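Trainee: return atomic coordinates for the entry below.
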Amino acid sequence: MLKKLLSIYENSILFPAKPVNPSDQFYFFSNEMENEWIGIPKGELTEKELTLLKTMYQLFEFHIPTSNSTAKGWDLYLFSEGPLPNYKPDTSLRFIQFQLNSTDTVQNEIESALQGFFSEEVIIIWENSSQGIVIEEGNSITLTDEELISMTETLESDFYVKISFFIGKFHPISDQLRSKFLVEKEYFSFGMANFITNLNILTFERIFPAYLAYHLPPEIKQRVIQVIFRVFKEDHELYSTIKVFLENNLNASLTAKKLYIHRNTLQYRIDKFIDKSGIQLKDFYGAFTVFLACLLFEQSLAK
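Mentor: Predicted coordinates for the structure are as follows:
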């Protein structure tokens, strides 16, 4: 199957095995059934073509080693099981992961811009041409959520590239630091790949409900589906209204504003949902159950 792509992308390269020294100027796809690999120049793929190929084949992002000595120590620790870099025992760190929607940006310029937002010097390492990690040492001055949102907006306007962040928790220096990072990396990967890509700032709290819904046993999912999915399938507008209402802490004014509808229209839709589902939204238990159903319904639409 991959061989057919050679006739479409003439400058692509077919490999009989995983490339040893991959170039960051190519996207690399593999076909597990035939154990083939192909490298396609990034400049030859549009966003739509890349999205289509990712649904058909597995895209691999190869790790790019860093040359900075301090960052290299963290690079080896996080990705090659090297030794933990030396820090004072009472130090705490957090990993702020980021992902760009483009591979054409200059890494040095992105690094310089990121450094400028932090009051203290941070360490930045790159996983590949579009993903990296900011390692921030715990102190009394850390960026707030509002400042982080402002940072994404500034980077997007300056570099014409969309950037998403996962803000990790502060962790004390310990032998478990790598494993904690890898768990947060899994959450970020899940968030970017599954249903949460409309947000610029991701956190454990924002991702975990969807992560939990995704990993529920099929029999549990089915029980939720039987109760609420029928209502959402009959009226998708009702689903989106209820989800925004719950995401905004049942605040009718804020929800109406975000949906560009009158409060009376919002109340009509809420009453309609309650009447059809038989579930109240005024207490935590009803709201939690319906929000879980919203997440499952959203995931079903993406399949």
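Trainee: where in the protein is pLDDT low?
Mentor: Screening the chain residue by residue with the criterion pLDDT under 70, one finds the ranges 1, 21, 24, 32-34, 62-69, 103-105, 140-141, 195-198, 303.
Trainee: now the helices for it?
Mentor: Counting by DSSP state H, the segments of the chain that form helices are 2-5, 47-56, 69-80, 107-117, 145-159, 177-193, 204-214, 218-224, 230-234, 236-247, 252-259, 263-277, 284-302.
Trainee: relative to residue 90, which of these is closest?
Mentor: Smallest distance to residue 90 across these (C-beta to C-beta): 14.0 Å, for helix 177-193. For glycine as for every other residue, the C-beta is placed from the backbone atoms N, C-alpha and C.
Trainee: in the closest one, what counts as buried?
Mentor: 177, 180, 181, 184, 185, 187, 188, 190, 191, 192 (16 or more other C-beta atoms under 10 Å).
Trainee: now the angle from it to helix 69-80?
Mentor: Regarding helix 177-193 and helix 69-80, their directions subtend 80 degrees when assessed with axes from the mean of the first three to the mean of the last three C-alpha atoms, to 10 degrees.
Trainee: need the residues that contact helix 177-193.
Mentor: Contacts of helix 177-193 with the rest of the structure, by C-beta atoms under 8 Å, 6 or more residues apart in numbering, involve 77-78, 81, 84, 93, 95, 97, 99, 164, 166, 168-169, 171, 197, 199, 202, 204, 206-208, 210-211, 214.
Trainee: related to what we said a few turns ago, identify whichever of the helices of the chain lies nearest to residue 89.
Mentor: Among these, helix 177-193 comes nearest to residue 89, with 12.6 Å by C-beta to C-beta.
Trainee: related to what we said a few turns ago, okay if I get the buried residues of helix 177-193 as a markdown table plus distance to residue 248?
Mentor: Formatted as a markdown table, the entries for these read as follows, by distance: C-beta to C-beta, whole Å:
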| residue | distance to residue 248 |
| --- | --- |
| 177 | 35 |
| 180 | 31 |
| 181 | 32 |
| 184 | 26 |
| 185 | 29 |
| 187 | 23 |
| 188 | 24 |
| 190 | 23 |
| 191 | 19 |
| 192 | 23 |
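Trainee: closest to residue 38 among those residues?
Mentor: Using C-beta to C-beta, the shortest approach to residue 38 within these belongs to residue 192, at 23.3 Å.
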